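K.L.:
Okay, sequence plus prediction incoming.
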2 protein chains.
Amino acid sequence: MRIAFLGLGIMGRPMAAKLASSGHDVTVWNRTAGKIVEGARSAATPRVAAEGAEVVWVCVSDTAAVEQTLFGTDGVEHSLKSGMVVVDSSTISPTASRKFAERIRTRGADFLDAPITGSKIGAENGTLIFMVGGAAETIERVRPLFMSMGKQVIHMGKNGDGEAAKLGMNMMIVLIYEGFAEALTLTTKLGVDQKAFFTLIQSSMVRSGVVDYKMPFVEKNDFSPNFPLRLMHKDIRLMMEAAAESGVELPALTTANQIYDEATAAGMKDLDYAATLQIVKKRAGIK
Amino acid sequence: MRIAFLGLGIMGRPMAAKLASSGHDVTVWNRTAGKIVEGARSAATPRVAAEGAEVVWVCVSDTAAVEQTLFGTDGVEHSLKSGMVVVDSSTISPTASRKFAERIRTRGADFLDAPITGSKIGAENGTLIFMVGGAAETIERVRPLFMSMGKQVIHMGKNGDGEAAKLGMNMMIVLIYEGFAEALTLTTKLGVDQKAFFTLIQSSMVRSGVVDYKMPFVEKNDFSPNFPLRLMHKDIRLMMEAAAESGVELPALTTANQIYDEATAAGMKDLDYAATLQIVKKRAGIK
């Protein structure tokens, strides 16, 4: 298929590379120039990249960047043709995503919100999971592309529901990690052996991929960014906006947000979100 | 070995039965009469049960019950002999546990705090995990008993640290579940398909034994008690006490505690702690 891939960040670049190496005809674009993908053409603007494409895949940083890429001066909209499919793998506001879908559809094209989980490694190995909002038949049309980049496609509902599911998943990550941070802080203060507590976590029902992944870094006090705190903080703000719009209270998430605020104020925004542990520890007078 | 087993509740009874069926000479006692264990003698008081025992195993409901069982009018203390080992598998205050250990030691006996995880099923199958505070050599002396009832013994540190680890683990359960409850409420309100969201959870890094276990009950709206809300609420209070004593702030746990308060006020204390989802949903105007 002829594909425009827009956004060559940590996730986008390996995703575009997977499409190109699967034999698709890929044109890439990135906001800041200089990034290339082997086997893919480069284009100067989203508009140019999308010209003649059957599918336009977007993977950029936030709601404003998606809007600019799709509807800006040199945006995709100018190249939209009936029958095209636009897929957005960015993590953005569900409400905004729904509006973007509507605007795309007025041009006779289709839209899927398809945020991802699986991290950089999953993008490189082609083992991403896509949580998708939109029409089932549109998903079927681009399924081969999903399967070039990932291992699973979960249909969450109508447009926006892919984004909503992604926010729900990240909310669970935030609170699983915050629970771990508070438990580790209290048990450490009380004198429990940290390695023994880690063994308990890994032997029992509180084990999760979230803590499995972070534990070795926590042991080494290594908070170099894998999932930067500022991005998780952005997602928390999206969750809280979505909650406010829909009349939902998120008490524990709201509390966790204050930890992220404090971490940001302490200059930690470019560390991993796991560094929020340091705030919980600091409040307890540890270190 | 000659063992006194004190407390025949949901966990205690199958534990005592495992010891008896492993060929030990077991005498049991329970606060309310009428409960028996096949192959074990019954005694009228902790004092009588503990007479001549090498090991006294306690598994009762809370700190006050442990104190009464050990040091009450007809308590274990009256039968303590040098060389005896007292093991407490109740979930109680780490500070209180440490004091009990000291008092037991003044009589020449040894003490381990050894709370458990694995639920009723784990007790019946002998697959419990013990998190133990106390001396390594005391653990070795009773290791055969641990292994009759469980599959793993984790040495957490000095007396009280077993209890502290248990509180840490339950804190993680509370916040994993609260994160699930908030995420499920927001995504449901936004229109995400619940089954698809469950599939996402089970496919991704947020999967845990906690949610795996509760999910089928949540799907059926079945909140009949497996781990009653009032007991988890008791544990939350122990966590908050321990935190206050040691100068630790537990922001997300404190917020979750308010949900448990509200659930208790709404008459849910004898339901499963999973029923806290209903409070989060109610606040969002769902159902």
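P.N.:
Great, that's in hand.

K.L.:
quick one, what contacts A:Pro144?
P.N.:
A:Met1 (CB atoms under 8 Å, 6 or more residues apart in numbering or on different chains). (Each C-beta comes from the backbone N, C-alpha and C, glycine too.)

K.L.:
for A:Val153, same thing?
P.N.:
A:114, A:129-130, A:132, A:139, A:143, A:146-147 are the contacts of A:Val153 under CB under 8 Å, 6+ apart.

K.L.:
how does it look with 10 Å?
P.N.:
Neighbouring residues of A:Val153 by CB atoms under 10 Å, 6 or more residues apart in numbering or on different chains: A:112, A:114, A:128-132, A:139-140, A:142-143, A:146-147.

K.L.:
From the residues you listed, list the ones also adjacent to chain B.
P.N.:
Contacts with chain B within the contacts of A:Val153, as defined by CB under 10 Å from any CB of the partner chain: A:129, A:131-132.

K.L.:
Narrow those to those in helices?
P.N.:
If you go by DSSP state H, those have nothing in helices.

K.L.:
which of those tops the neighbour count?
P.N.:
Among the ones next to chain B among the contacts of A:Val153, the one with the most neighbours (other CB atoms under 10 Å in any protein chain shown) is A:Met131, at 31 neighbours.

K.L.:
any idea which element the closest residue in space to it that isn't next to it in sequence lies in?
P.N.:
In space, and not counting its chain neighbours, A:Met131 is closest to A:Ala165: 4.3 Å by CB to CB, 6 or more residues apart in numbering or on different chains. In this assignment (DSSP states H and E), A:Ala165 forms part of helix A:161-190.

K.L.:
okay but A:Leu231 is in contact with A:Pro225, surely?
P.N.:
Yes - if you go by CB atoms under 10 Å, A:Leu231 and A:Pro225 touch, sitting 8.8 Å apart.

K.L.:
between these two, what contacts are shared?
P.N.:
Common neighbours of A:Leu231 and A:Pro225 (CB under 10 Å, 6+ apart) are A:10, A:269-270, A:273.

K.L.:
Buried among these? Make that a ChimeraX selection.
P.N.:
Buried members of those can be picked out in ChimeraX with the line below, counting by 16 or more other CB atoms under 10 Å in any protein chain shown:
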select /A:10,269,273
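
K.L.:
least trustworthy position among the shared contacts of A:Leu231 and A:Pro225, going by pLDDT?
P.N.:
Within the shared contacts of A:Leu231 and A:Pro225, A:Ile10 has the lowest pLDDT, namely 91.

K.L.:
show me what contacts that one?
P.N.:
Residues in contact with A:Ile10 (CB under 10 Å, 6+ apart) are A:59, A:119-120, A:123-124, A:225-228, A:231.

K.L.:
which of the shared contacts of A:Leu231 and A:Pro225 sit farthest apart?
P.N.:
Greatest spacing in these, by CB to CB: A:Ile10 and A:Lys269 (16.3 Å).

K.L.:
returning to that earlier point: give me every residue that touches the residue nearest to A:Met131.
P.N.:
A:Ala165 is in contact with A:94, A:113, A:115, A:117, A:131-133, A:154-157, B:183, B:187, B:190, B:192-193, B:196-197, B:199-201, counting by CB under 10 Å, 6+ apart.

K.L.:
With A:Leu271 instead?
P.N.:
Contacts of A:Leu271 (CB under 10 Å, 6+ apart): A:222-226, A:228-230, A:263, A:278.

K.L.:
Over to A:Met172?
P.N.:
Contacts of A:Met172 by CB under 10 Å, 6+ apart are A:208, A:210, A:253, B:176, B:178-184, B:200-201, B:204-208, B:211.

K.L.:
Helix or strand next in line after the helix or strand where A:Val48 lies, which one?
P.N.:
A:Val48 belongs to helix A:46-50 when elements are defined using DSSP H and E. Going down the chain from helix A:46-50, the next helix or strand is strand A:55-58, by DSSP H and E.

K.L.:
strand partners of that following strand, parallel vs antiparallel please.
P.N.:
strand A:2-6 (parallel), strand A:85-88 (parallel) (DSSP bridges).

K.L.:
Enumerate the residues of the stretch 1-150 of chain A near chain B.
P.N.:
So the stretch 1-150 of chain A meets chain B at A:94-95, A:98, A:117-119, A:129, A:131-133 (CB under 10 Å from any CB).

K.L.:
quick one: A:Gln68 from chain B, how far?
P.N.:
Going from A:Gln68 to chain B by CB to the nearest CB, to the nearest Å gives 24 Å.

K.L.:
how does chain A divide up, domain by domain?
P.N.:
Structural domains assigned to chain A are A:2-157, A:164-283, following automatic domain parsing.

K.L.:
Which one of these lies nearest to B:Leu238?
P.N.:
Comparing these by CB to CB, domain A:164-283 comes nearest, at 10.7 Å.

K.L.:
Now find how far off-centre whichever strand in chain A runs longest is within its chain.
P.N.:
Longest strand in chain A by number of residues (criterion: DSSP state E): strand A:150-157. Centroid separation for strand A:150-157 versus its chain: 14 Å, with CA atoms, centre = their mean, to the nearest Å.

K.L.:
cool, stretch A:205-220 as well?
P.N.:
20 Å.

K.L.:
Buried residues in that stretch, which are they?
P.N.:
A:205-208, A:210-211, A:213-215, A:217-218.

K.L.:
same question, stretch A:108-118
P.N.:
Buried, per 16+ other CB under 10 Å, within stretch A:108-118: A:109-118.

K.L.:
now those residues as TSV including distance to A:Glu77, pLDDT and secondary structure?
P.N.:
Output for the buried residues of stretch A:108-118, formatted as TSV (distance: CB to CB, whole Å; pLDDT from 0 to 100; DSSP: H, G, I helix; E, B strand; the rest coil):
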residue	distance to A:Glu77	pLDDT	secondary structure
A:Ala109	9	98	coil
A:Asp110	14	98	strand
A:Phe111	12	98	strand
A:Leu112	17	98	strand
A:Asp113	17	98	strand
A:Ala114	19	98	coil
A:Pro115	21	98	coil
A:Ile116	24	98	strand
A:Thr117	28	96	strand
A:Gly118	30	92	coil
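
K.L.:
ok, those residues vs B:Leu70, which is closest?
P.N.:
Distances from B:Leu70 to the buried residues of stretch A:108-118, taken by CB to CB, are shortest for A:Thr117, at 49.9 Å.

K.L.:
wait, what's in contact with the closest one?
P.N.:
Contacts of A:Thr117 by CB under 10 Å, 6+ apart are A:91, A:128-131, A:150, A:152, A:154, A:165-166, A:169-170, A:173, B:200, B:203-206.

K.L.:
one more time with 6 Å, if that's ok
P.N.:
Residues counted as contacts of A:Thr117 (CB atoms under 6 Å, 6 or more residues apart in numbering or on different chains) are A:129, B:204.

K.L.:
circling back: next step: the shared contacts of A:Leu231 and A:Pro225 restricted to helices.
P.N.:
Among the shared contacts of A:Leu231 and A:Pro225, no member falls in helices (DSSP H).

K.L.:
give me the subset of the buried residues of stretch A:205-220 touching chain B.
P.N.:
Restricting the buried residues of stretch A:205-220 to those within reach of chain B (CB under 6 Å from any CB of the partner chain) leaves A:205-206, A:208, A:210.

K.L.:
got a markdown table for those residues, with pLDDT too?
P.N.:
Output for these, formatted as a markdown table (pLDDT from 0 to 100):
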| residue | pLDDT |
| --- | --- |
| A:Met205 | 97 |
| A:Val206 | 98 |
| A:Ser208 | 98 |
| A:Val210 | 97 |
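
K.L.:
Adding secondary structure, write those residues out as a markdown table.
P.N.:
Listed next are those as a markdown table, based on DSSP: H, G, I helix; E, B strand; the rest coil:
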| residue | secondary structure |
| --- | --- |
| A:Met205 | coil |
| A:Val206 | coil |
| A:Ser208 | strand |
| A:Val210 | helix |
